[in-house]
Every structure is written in C-alpha cells, then in structure tokens.
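[1] Everything below, folded, please.
(one chain, ligands or ions: 1)
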Amino acid sequence: MKNLKKLLAVLMTGLMLIFVAGCGGTDSSSSSGSGSSGKAASNGKRVGVAMPTQSSQRWIQDGANMKEKLEALGYTVDLQYAEDDVQAQVSQIENMITNGANCLVVASIDSSALVNVLDQAKQHNIPVVAYDRLLMDTDSVSYYATFDNKGVGTLIGKYVEEKLGLKEGKGPYNVEFFAGSPDDNNAHFLNDGVFEVLKPYIDKGQLVVPSGQTDFDKICTLRWSQETAQKRMEDLISGYYSQGKQLDAVISPFDGISYGIAAALEGAGYQVGKNWPIITGQDAELMATKNILSGKQTMTVFKDTRILADKCVTMVQAVLEGKTPELNDTTSYDNHKLVVPSYLCTPVAVYKDNVQKELIDSGYYKKADVGL
Ligand code: GAL
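    This next block holds a predicted model:
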C-alpha cells in the first residue's frame, strides 16, 4: 500500500513536470529562442532614450535603431531629442524619471551637465547606460556603449599619413586641424588619436600648419557645429592662404564639420580636382558618402549605428535583469568618478575605393542612395 502511494506520487510529479515543460514550449519568448531576454522578461518596462540632436543623420538613425530594437523586445520606449539645448535635455530626462522610466539611455549634449539629473535617477534606482558619449563626473552610470574613439582618430591620422606618403618622407604639406566639441569626451580621445600619428610629422617639418593652430582649445568646434566650422575655415583661408598658398589637407573629426569646411573652400573658389585639399570626416553620413564619391570629401570613419544599438540594448537588458553584459574595455573610460565598464565597437575608415564593400555590401546604404 505504502509502495503504491509512493508510485502514484512519483507519477503525479512526472505528469506535472511534463505539463510545465509543455507550457514552457509554447511560451513566445522561449520558442523565439530569445529565452529570458525576450518579451516576457521585459515586462513592459519603460526605457527613456535621450538623444542630443536631429541635426545630423547619425543621431536620427541611432534613435530609430534603439527604439526599434527595444520595442521588439517588449520595452516601452520614450525617445527624446534635445536639439543641442543642454537645459532641454535635462528637462527631458527629468520627465522620463517622473514618467516611471526603469532605465535611461543617454547620449549627452554636454557630458558634465547632467550630474544632478542623473543623481535623481540614482535616487529612484534607475540605471543609466551612456550611449556613444561618456557621461562625465557622475557615478550614476552603469555601462558605456561606444566606438573606439581614440581608434577613430588613429584611422584618420593613418589615412592622411598614407595618402601624403609621410612615412616615405614626403612633404612639406600645409594642413589645418579641426577638433570636435570640448564638452564631448569623444572629441578629446579622437584628437589624441590624430595627433599621436601626425604630430611626429609636424615636428619633422613634413606637415606645416600655417595658422599655427594645433592646441585643442584653438581647433575645437563647440557642439560639432557645421556653421562654426565654416566660419573658422573662412577665417583660416583669408588669414593664411590668401596669397595662393596651397592647402593640402584639412583634418576634420566629423562629417558635419567637413561640410562646413567644404562650403568655405567653395566660397573661396577652391575646386575639386584642381586645388581641393584632402578632407577627412567621421560617421559615414549619406551626404558625406556622396561627397566622397564626387571628390568633395576624401574619407570618413564608418561607425555602424546598428551594431552600437545592438550592444547598447544588451546593456539595457542586463541592467534590468541584474546580469552582466558583454564588455571589452574596463580601463579606458574614467569619467572622474569611476572607470565605466564599456563595450567598444570597431570603427572602419571609408574612402572612394571601399564605399561599395563597407557601406553597400553591409546593407548600410543602398546603391541608389549614394548614386552608385
Ligand atoms: C560625437 C561622435 C561622433 C559625431 C559627433 C557629432 O560624440 O563620437 O561620431 O557623431 O558626436 O555628432
């Protein structure tokens, strides 16, 4: 009798297990193969995504990618752009907190201006992930998804080194330098990468900077503004190149800045194929890609926003589920309060000859978009 009871108990447990497993098998998250990272795990949690501006194509893509990928996992997304207005970004983040955000993703305008509002997030136990730009002077940041920002500068420097034959001792060439926004940590990392490669050639006299402007403070461009860059390039042309002095290269850290530089050159009568200098860039924007094909820009650095968004989404999932995301750099990004655990994606130099391979074959743009 005792044995019969035992046998029945074992059979019942077995049946229950089969039943539970059966339910699991029809569950949408596990049948889709995404397991605990699928819709069920997101439980309708809210993610606030604060982006800096819609004035450049890349941030529009970044925002759209983040929204799409987070929504596909079942999160509710509050995507906001602050149009480079620092105070507006603070207010947007405050609203996200008030509206019950469970996690914040922030691409800052001024990386040190969000300390107070991020403190508020911390008080509400809302984790924060820094997107592309590091959040400085705060301990309210869990992870950082970005590209190898110094590596971007290295690619720019190496491209110019190669294109001008500097390793072979060629020169002297006249060059001018532009840097990004002083309140964006990326601008400093990138500039370090550029100068690490090119400064030795300035020291040797193979690169000459007629304006003498090489200090970051002199060459930086607040908010990475196209207009500011155009104005500075106009001043450089009239101040140092008016006597017909050849300008061989302009080092630009961002496609938007490159457009401003090109506009100033056009305005001063420079012509592509005649006396047009090498112009670098960053972001592989559509217009920059077209300009590369037409010769108006020489190179850019492609930072695939799809990959960045993927990495950032895994960080959001991890912080919300109490797990650790994949990281590949835990030493470089010291924000003065902590070294922020990061994932650095790999940037790629793009020029006329590899537009097809890097931007078309990878599905980033369609042939027709770039006019190929
Ligand atoms: C930087 C970023 C660049 C560029 C720039 C201007 O933070 O690293 O790729 O987008 O902002 O938007």
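[2] CA atoms for contacts and neighbours, from now on please.
    Noted.
[3] Looking at the stretch 1-150 of the chain, what residue ends up closest to the ligand?
    Among the residues of the stretch 1-150 of the chain, Arg133 lies closest to the ligand, at 5.2 Å counting by Cα to the nearest ligand atom.
[4] per-residue confidence averaged over stretch 133-140?
    Across stretch 133-140, pLDDT averages out at 98.
[5] List, one by one, the residues from the stretch 51-200 of the chain near the ligand.
    Arg133, Asn186 (Cα under 6 Å from any ligand atom).
[6] what about the helices in the stretch 51-200 of the chain?
    57-72, 86-98, 115-123, 149-163, 185-203 (DSSP state H, counting those that start in this stretch).
[7] re the thing from before, please name the nearest non-neighbouring residue to the residue of the stretch 1-150 of the chain closest to the ligand.
    Excluding the flanking residues, the one nearest Arg133 by Cα to Cα, 6 or more residues apart in numbering is Ala107, at 5.6 Å.
[8] which residues touch the one you found?
    Contacts for Ala107 (Cα atoms under 8 Å, 6 or more residues apart in numbering) come out as Ala50, Met51, Pro52, Ala130, Tyr131, Asp132, Arg133, Leu134.
[9] same question, Val115
    Here Val115 is in contact with Met136, Asp137, Thr138 (criterion: Cα under 8 Å, 6+ apart).
[10] please redo it, this time with the cut-off set to 10 Å
    Val115 makes contact with Val90, Ala121, Leu135, Met136, Asp137, Thr138, Asp139, Ser140, according to Cα atoms under 10 Å, 6 or more residues apart in numbering.
[11] I figured the fourth one hits Asn116, correct?
    The one in question is Met136. No - checked against Cα atoms under 10 Å, the pair Met136 and Asn116 is beyond contact range at 11.6 Å.
[12] ok, the two, which is more surrounded?
    Neighbour count, other Cα atoms under 10 Å: between Met136 and Asn116, Met136 has more, with 26 against 14.
[13] Excluding covalently adjacent residues, which one is nearest to that one?
    Asn335 (4.6 Å).
[14] From Leu359, how far off is that neighbour?
    Distance from Asn335 to Leu359, counting by Cα to Cα, to the nearest Å: 33 Å.
[15] again, but for Gln271
    In this structure, Gln271 and Leu359 are 27 Å apart, going by Cα to Cα.
[16] ditto for Ala349
    11 Å.
[17] same thing with Phe178?
    Where Leu359 is concerned, Phe178 sits at a distance of 25 Å (Cα to Cα).
[18] With neighbour numbers in mind, choose between these two.
    Neighbours were counted for Phe178 and for Leu359 using other Cα under 10 Å; Phe178 has more, 27 against 20.
[19] Let me see the backbone angles for that one.
    When read as degrees, to the nearest 10, the backbone of Phe178 gives phi -120, psi 140.
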